[in-house]
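Engineer: structure, please.
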Amino acid sequence: WPLIFWALGGAAALSLLLTAKALPETLAPQDRVRVNPRNLWAGCKTLFRDPVFMGLTFIGGFGFASFMVFIASASFVYAGHFGLNPTQFSLAFAINAVGFFAASQAAGPLSERLGILRVIRWAAVWFAGFTLLLLAIAMAGQATLGVIIAGLFLANACLGLIIPTTMVMALDPHGAIAGLASSLGGTLQVVSGALIVVLTGFFFDGTALPMIAAIALCAALTLTITLLTLHKIELASHAVTATRSPDTPRKDLS
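Structural biologist: Purely as a prediction, here's the structure:
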């Protein structure tokens, strides 16, 4: 455990150093907003009143919450219940990261080819489908270690298509306060994930079922918010298209 925290502390310090010294400021001086409580409060009010921003934030938020549930429960399930040693546990844990980051690299090309809304919608459908199937298997008492690892690998691959794309869409209309929007969205996602983890703790019994049930709940919430939010975006897109003059260049928002 001390080694893990030293590694995390070193990574955090290196990230801070790179941000301070190697990340250039691209915003023109005249467009920069002074950081003070009044400006922060005004920006937060704008973001909280934007239903699309909030919807996209919580699509990613409940997806992120499912992974927080896994982080909080995996050691008890994989090591305590299935008896994996530390090396085996680290490999089983890392498989989820491989699925997530591999899919996130494919999010850009898929969005260009199919449309970003379609990618998010179908990823949310598959995320819910994989986790609900895994829940059914666990409730039937057939959730072996291999089945759980495979199911969570597929589910987290879907998150690789959901979380990065929804955050990009949430920030895009708020370029003037992108830093505030990013920090507020991230905070809301972490808080929602923490609450789900706390609720899961009340039902944890050392088996895989509570973990899988909580992940499936997060997936169902992700799918529900996805369908509602994307419907709003599509309605707004159709309204813009309907009021555009014939000579105005068209932009595909799908």
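Engineer: verify the stated contact: Ala74 with Ile95.
Structural biologist: No. With contact defined as C-beta atoms under 8 Å, Ala74 does not reach Ile95; the gap is 10.9 Å. C-beta: built from backbone N, CA, C; applies to glycine.
Engineer: these two: which is more packed in?
Structural biologist: Neighbour totals were compared for Ala74 and Ile95, and Ala74 leads with 21 against 14 (other C-beta atoms under 10 Å).
Engineer: in what helix or strand does the more buried one lie?
Structural biologist: Assigning secondary structure by DSSP states H and E places Ala74 in helix 51-74.
Engineer: next, the buried residues of stretch 221-237.
Structural biologist: Neighbour counts over stretch 221-237 (16 or more other C-beta atoms under 10 Å) mark 221-223, 225-226, 229-230, 233 as buried.
Engineer: would you list these in a markdown table and tack on pLDDT, distance to Asp50 and secondary structure?
Structural biologist: Shown next, in a markdown table, are these (pLDDT from 0 to 100; distance: C-beta to C-beta, whole Å; DSSP: H, G, I helix; E, B strand; the rest coil):
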| residue | pLDDT | distance to Asp50 | secondary structure |
| --- | --- | --- | --- |
| Leu221 | 96 | 20 | helix |
| Thr222 | 96 | 19 | helix |
| Leu223 | 96 | 21 | helix |
| Ile225 | 96 | 14 | helix |
| Thr226 | 96 | 17 | helix |
| Thr229 | 95 | 11 | helix |
| Leu230 | 93 | 15 | helix |
| Ile233 | 91 | 12 | helix |
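Engineer: so which elements touch the helix holding Ala74?
Structural biologist: Other helices and strands packing on helix 51-74, by 3 or more C-beta pairs under 8 Å, 6 or more residues apart in numbering; DSSP states H and E, are helix 37-48, helix 86-114, helix 116-139, helix 145-171, helix 178-203, helix 209-243.
Engineer: with Ala79 as the reference, name the closest of the ones you listed.
Structural biologist: helix 86-114 (5.2 Å; C-beta to C-beta).
Engineer: quick one: mean pLDDT for the closest one?
Structural biologist: Throughout helix 86-114, pLDDT has a mean value of 91.
Engineer: that helix to helix 116-139, inter-axis angle?
Structural biologist: Going by axes from the mean of the first three to the mean of the last three C-alpha atoms, to 10 degrees, helix 86-114 is angled at 150 degrees with respect to helix 116-139.
Engineer: against Leu152, how distant is Val98?
Structural biologist: Relative to Leu152, Val98 is positioned 11 Å away (C-beta to C-beta, to the nearest Å).
Engineer: which of these two has more neighbours?
Structural biologist: Set Val98 next to Leu152 and count neighbours by other C-beta under 10 Å: Leu152 wins out with 25 against 13.
Engineer: still on that earlier bit, need the helices and strands packed on helix 51-74 in TSV with distance to Leu56, can you?
Structural biologist: Shown next, in TSV, are these (distance: least, C-beta to C-beta, whole Å):
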stretch	distance to Leu56
helix 37-48	11
helix 86-114	14
helix 116-139	9
helix 145-171	4
helix 178-203	8
helix 209-243	6
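Engineer: which among those is found nearest to Ala28?
Structural biologist: The nearest among the helices and strands packed on helix 51-74, by C-beta to C-beta, is helix 178-203 at 13.8 Å.
Engineer: nothing else from me, thank you.
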